[in-house]
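Asks: Predicted model and sequence follow; I will ask about them next.
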Amino acid sequence: MDFCTLDGGCLAAQQVPEAPPEGGARLLELLNTPIAVTSHVPLSNRESPGITMVLQREEILASGARDLMDVLRFVPGFAFASDTNGVVGIGVRTCWGHDGKVLLLIDGQEMVEPLYGTLQFGGHYPIDNVQRIEIIRGPGSVLYGGFAELAVINVITRKGGNIGGVDGSFWLGQMASAQHNLAKGHVAYGQVFGDLDVALSYVRGQAPQGVGSWQKPAYAGSTVIQAGDASATHQDFLNLKASYGNLNLHYLRDDYAVNDYTGEFKTTTTPIRFPGEFFGVNDLFEVGAWSIKPSLTIKSQAPWLYTAARTDRNTRTDGGLLATWAATKTFKVTLGADVIQDNTNMFWSSRNVRETYVYESRATYLQMLWSKDFGNLDLGVRYDYNNAFGSALSPRLAFTKATETWHVKLLAAGAFQAPSYEDLFANPSLRPERTRTFEVEYGHAVGPTSYLTANAFYLRVHDPISYGNPAPGVNGYFNFNYTGAHGLEVTLRSLWTDLVLQAAVSLSRADDQNAAFYAVLGQPSYHVGFANLKVSSQAQWQFAQDWSLNPECLLLGPRYGYRLGEVAPSRFGSTVLLNLFLTRRLSSHAELGLSLCNLANATMDYIQAFGIPGAGGNPPLPGPGREIALRASFTY
């Protein structure tokens, strides 16, 4: 009997192994791509100490995704729900991650804003210039601190050598009855001049957010408006980076805005902006068996900006030093330290004055990696201290092993979420959230061109921070007992010469105690806003020379949320999203793509991910309807 390994070779008596099929060789290359999102010492995806996923540029563009949310909605365990004022946030494994629990890095720049801890999705973070995306579906505080409690998304854009000239793309589209059309342009320039690598990219555009009806609250007149007439997101994103040898410089400017038609704070349809500027520099020195990397990042953000005169602002300066010692070929030690200063400028409407507050944080961390034939043993620990909320300890213990045909991971980690500064102003006695996560993963080759992976997880967030009214007349932000989830995620990836298939199933159950803000009365296994079942599939089919057909299907099981006027969550049925993207390469310099999104015009509303039992919450934010769009791409 023959035995086929992942690299395509087949062993039989008196036979020489065959050369791997093209799809099997590509799959093996992808699975063994070194990544650094989970470890300061790069390891392959299958050996990394985390539940990880890597998305390459080719598959991202082939899917027809317009922004990062389009990509992440097909990642196992990830989903999206509404916050307030027309803003959409992310959830991980049915847990609301919008308020500082999910870290997004773009070329090493931390995009989370410390004032509220939020990330804003939908027509925002561009993917046009992405080289790859590395994702941890699980805790990352041992490396990244208090914004990496549930997940880490590491976006890496192209270098000048990857671009090699000028390229760009343009999107034009129409969504159902939406008044605002999809209109977006992207241009990139990159080149190498000796040891100097320069890359520049710029994206600007707008996109409709959703269609459907929305009734403003009573204090805003209870007016019923059509989201298609009012909703829109606005994207303005500049990314400039340069490297000379091991020296790297980076500047990023992000000015995202979303039309706020909800009437929660304003009676008019006012764009709410989230401007930010980011600067980073780092270098790498090799001294014997040591690699030493100093770094400095500075970011200035003014989130939830209606009027500049009344908006709070934060400037964060982060100086870091990372040193890795290759003690032997099989044993490596990494030591690191971060010193962070936040200058928070607050506007006090009650006194009509501004005041600046300074917060300081210190962090030290240690990682030891032992790699032997029996596997990889990773031990890490990070200690954080902040002069406003105190200390937090984030340990990690991981064992991983990979062969040509299978891999296994055993993971245990602690993580934390730092209280946002706005929450601390509301309640100075808030404690950091503290999370314990246990995960196990096993993957195995299914024939020479497919790989099946399954992972189980258990996570519990102690002292979760949420809004509440624990007693009559008492409301604000408090620590509660615990929230969390446990479940199973299964993924299958298959590569052939002309066809790529990816499928995933996510199953989760909520686990709460005294955390009513997220709970569903009578359905303790659910969290408000999120489905316990998620099934996704994507395909890329090169059915003829220069032609590609790329269908996508996403099934979300039943969800629970608040409807208008309700004081308890009610059930929303399952929904299916069907997308289709057809591309035609016209030449080596030009390509056209036709996108058909939400073909069945399914209801894809964003349910608010929280509420107050007995008082209620906002109704769902209208989501995208059927849309047709055209993408034109060029290279020069």
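Replies: Arrived safely.
Asks: In the protein, which helix is the longest?
Replies: helix 22-31 (DSSP state H).
Asks: Quick one: name whatever helix or strand follows it.
Replies: Next along the chain after helix 22-31, taking DSSP states H and E as the criterion, comes strand 34-35.
Asks: Name the strands paired with that following strand and say parallel or antiparallel.
Replies: The strands beside strand 34-35 in its sheet (DSSP bridges) come out as strand 43-44 (antiparallel).
Asks: What is the distance between the strand it pairs with and the centre of its chain?
Replies: For strand 43-44, the separation from the chain centroid amounts to 20 Å (computed by CA atoms, centre = their mean, to the nearest Å).
Asks: For that strand, which outside residues touch it?
Replies: Outside strand 43-44, the residues within contact range by CB atoms under 8 Å, 6 or more residues apart in numbering are 31-35, 49, 376, 400, 402. Yep, even glycine has a C-beta here, placed from its N, CA and C like the rest.
Asks: on that earlier part again, packing partners for the longest helix of the chain?
Replies: strand 450-462, strand 482-495 (3 or more CB pairs under 8 Å, 6 or more residues apart in numbering; DSSP states H and E).
Asks: CSV for these, including mean pLDDT and mean neighbour count?
Replies: Formatted as CSV, the helices and strands packed on helix 22-31 follow (pLDDT from 0 to 100; neighbours: other CB atoms under 10 Å):
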stretch, mean pLDDT, mean neighbour count
strand 450-462, 97, 20
strand 482-495, 96, 20
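Asks: any idea which of the contacts of strand 43-44 is closest to Thr491?
Replies: Distance to Thr491, by CB to CB, is smallest for Leu31 among the contacts of strand 43-44, at 11.6 Å.
Asks: Quick check, that closest one in contact with Arg46.
Replies: Yes - counting by CB atoms under 8 Å, Leu31 does reach Arg46; the two are 5.5 Å apart.
Asks: For Gly212, which non-adjacent residue is spatially closest?
Replies: Excluding its sequence neighbours, the residue lying closest to Gly212 (CB to CB, 6 or more residues apart in numbering) is Pro622, at 3.3 Å.
Asks: what's the neighbour count on that neighbour?
Replies: Residues lying near Pro622 (other CB atoms under 10 Å) number 25.
Asks: what does Pro395 give?
Replies: Neighbour number of Pro395 under other CB under 10 Å is 16.
Asks: before we move on, the earlier item: tell me the buried residues within the contacts of strand 43-44.
Replies: Buried subset of the contacts of strand 43-44 (neighbour count, 16 or more other CB atoms under 10 Å): 31-32, 35, 49, 376, 400, 402.
Asks: Throw the contacts of strand 43-44 into a markdown table and include pLDDT, thanks.
Replies: Listed next are those as a markdown table, based on pLDDT from 0 to 100:
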| residue | pLDDT |
| --- | --- |
| Leu31 | 85 |
| Asn32 | 86 |
| Thr33 | 87 |
| Pro34 | 90 |
| Ile35 | 92 |
| Pro49 | 97 |
| Asn376 | 97 |
| Thr400 | 98 |
| Ala402 | 96 |
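Asks: Report the separation between Leu249 and Ala510.
Replies: Computed as CB to CB, to the nearest Å, the Leu249 to Ala510 distance reads 44 Å.
Asks: out of these two, which sits in the more crowded spot?
Replies: More crowded of Leu249 and Ala510, by other CB under 10 Å: Ala510, with 24 against 15.
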